[in-house]
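> Make a model of this:
(chains A and B)
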Amino acid sequence: MSISKQIIKNTLIYFLLIFGYMYLYLVDIDQILFPQENMEVKSKIDFVYQQF
Amino acid sequence: MKLHDTLPFVSSEFYYFIAIAVCLFLVAKIGFKKWISYRWLLALVIFSFIVLLCPKPIQFGFLIVYLYLALLLLRKFYKHQNIILPMLVLATPMIFMKTLGVFPEDTKSTFIISAKNIIQIIGLSYIIFKVIGLYIDERRSATKIAFVDFFNFTAFVPSLLIGPLDRFQRFNSDVKNGYENITAELFLQGWSNFIKGLLFKFIIAEALHRLILSHLTDDGTITYHLLYMYTYLFYLFFDFAGYSLLAIGFGNFIGINVPINFDKPFLAVNPKEFWKRWHKTLGDWLNDYFFKPIFKYFTTKQIFTSIQRQSIALFLTFSLMGFWNGFKLHYILSGMLFGLYSVTHNYYIYKCKVAGKDVVFGKLNPILVKIISIILMFNSVAFAIYLFSGKIL
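Residues are numbered from 1 along each chain as shown, chains lettered A, B, ... in the order given. Take a look at the predicted model:
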């Protein structure tokens, strides 16, 4: 992969990571989008495909 | 900080553990490699995780010891070609655990509750798959497998929970290279994988779950089912691929080249290619230790034609995968459906070979054929994964 492509890719990844973190974990965007739904929907625990 | 309550990559405690482990390896590489060898430091780090953070450390220890002793005894005393018995011996804890999974969560039977409490050990399935692979690969070898190497391989923390499934020889060659493997290049590669893993799991999968899946209301319409099916597929992919990338990243930090597990699976044009791109290490494992032995058995016994042997072996292999996911109807049917896809594709290849032309697409433009194949495969996978989710059964 060329250096410019690598830079664009990394910028996008870090941008999404920082903004995603802000909106999902600091701002709690789902509480703003769905204020009427008083439910706990966070899925931070456990991976879907987790096997014992 | 809670003790014995931390699964890999799930809680903040685990990320502190990663930081401490990486620092230990770096410090040892710089100044203490004469004092402690790489394999013993790795064992120490894994042991620390089990003793301090891992749920049910005693049961975990017993499982590792049971599997090591079973491996030693099988290698020493079992000389038959047939590998079914050794596989069953090694897989007994997993079969027992999966059987207990059939009973409802709210069962009142104290026996079932106690048995579940004992046998539900994190990473049990993956540990057993690794040991079965190790036994099959090494059963004719006279090389002694030291407990510390077995322990490092089976209990390797990054891939403990949901893979990737590594092979003993490959893993051990990294361990033998030891501190030499800890390089700036591999560290940067690990960082890239780790950051991507965080993005996949904690941002994209989380957003899909919190902003879409959780708010879908089952009104019985086809729109609901289609929306759920496609969102769940992407959710599962980002969650699972995210874990794999985190595991690869952590492995890279400490000098282990954990094999890749996902490689743009939605660009696959057929089932065979799909399993080379989605949970690749499980696909390879099933191919080497299940499909090939079954096919070889049929060939030796001279039963069925070649295409029938391949198809039966394929169907059985994917059905096993379904059973492995759990003794529940939706898991089993999903595995069988993947088997059916592979069998259908296998017959299609066979018919094309016999006819000397593409029996479905004829002389259609190859690029168009590729696009149609990708769309077909993507939707077939989406349906099978939807079945797997248990939403419709």
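
> Give the buried residues for the helix or strand containing B:Tyr243.
According to DSSP states H and E, B:Tyr243 maps onto helix B:222-253. By neighbour count on 16 or more other Cβ atoms under 10 Å in any protein chain shown, the buried set for helix B:222-253 is B:225, B:228-253. In this view, the C-beta of every residue, glycine as well, is placed from N, C-alpha and C.

> repeat for stretch B:156-169
By neighbour count on 16+ other Cβ under 10 Å, the buried set for stretch B:156-169 is B:156-168.

> Relative to the whole chain's centre, how far out is the helix or strand hosting B:Ala43?
In this structure, B:Ala43 sits in helix B:38-48 according to DSSP H and E. Chain-centre distance of helix B:38-48: 23 Å, with Cα atoms, centre = their mean, to the nearest Å.

> which helices and strands sit right next to it?
Here helix B:38-48 touches helix B:12-27, helix B:147-154, helix B:168-177, going by 3 or more Cβ pairs under 8 Å, 6 or more residues apart in numbering or on different chains; DSSP states H and E.

> out of those helices, deepest packed?
helix B:147-154 (a mean of 20; mean count of other Cβ atoms under 10 Å in any protein chain shown).

> what inclination does that helix have with respect to helix B:168-177?
Angle of helix B:147-154 versus helix B:168-177, following axes from the mean of the first three to the mean of the last three Cα atoms, to 10 degrees, is 120 degrees.

> Contact residues of chain B facing chain A?
Contacts of chain B with chain A, taken as Cβ under 8 Å from any Cβ of the partner chain, map to B:7, B:9-10, B:97, B:120-126, B:161-162, B:192, B:195-196, B:198-199, B:201-207, B:209-211, B:214-215, B:235-236, B:239-240, B:243, B:325.

> Recalculate using a threshold of 7 Å.
With Cβ under 7 Å from any Cβ of the partner chain as the criterion, chain B meets chain A at residues B:10, B:97, B:120-122, B:124-126, B:161-162, B:195-196, B:198-199, B:203, B:206-207, B:209-211, B:214-215, B:235-236, B:239-240, B:243.

> B:Gln189 against B:Phe253, yeah?
No. Contact criterion Cβ atoms under 7 Å: B:Gln189 and B:Phe253 do not qualify, at 9.6 Å.

> On the C-terminal side of the helix holding B:Tyr243, identify the next helix or strand.
Following helix B:222-253 in sequence order, the next helix or strand is helix B:271-277 (DSSP H and E).

> Can you report how many residues lie near whatever residue of chain A ends up closest to chain B?
Closest to chain B within chain A is A:Gly20: 3.2 Å, counting by Cβ to the nearest Cβ. Neighbours of A:Gly20 under the rule other Cβ atoms under 10 Å in any protein chain shown: 18.

> can you tell me which of the buried residues of stretch B:156-169 are in helices?
Members of those lying in helices (criterion: DSSP state H): B:Phe168.

> least confident pick among the buried residues of stretch B:156-169?
Within the buried residues of stretch B:156-169, pLDDT reaches its minimum at B:Gly163, with 81.

> That one touches B:Thr281, doesn't it?
Yes. With contact defined as Cβ under 7 Å, B:Gly163 reaches B:Thr281; the gap is 5.6 Å.

> joint contacts of the two?
B:Asn261 (Cβ atoms under 7 Å, 6 or more residues apart in numbering or on different chains).

> For B:Asp166, give me its contacts.
Going by Cβ under 7 Å, 6+ apart, B:Asp166 touches B:Lys130, B:Ser159, B:Val258, B:Pro259.

> show me what contacts B:Ile119?
B:Pro93, B:Phe96, B:Met97, B:Leu100 are the contacts of B:Ile119 under Cβ under 7 Å, 6+ apart.

> Quickly note the distance from the nearest residue to the last one once chain neighbours are set aside to B:Leu329.
By that I understand B:Leu100. Nearest residue to B:Leu100 in three dimensions, chain neighbours excluded: B:Lys116, at 5.1 Å (Cβ to Cβ, 6 or more residues apart in numbering or on different chains). The gap separating B:Lys116 from B:Leu329 is 20 Å, by Cβ to Cβ, to the nearest Å.

> quick one: which of these two has more around it?
Neighbour totals were compared for B:Lys116 and B:Leu329, and B:Lys116 leads with 17 against 12 (other Cβ under 10 Å).
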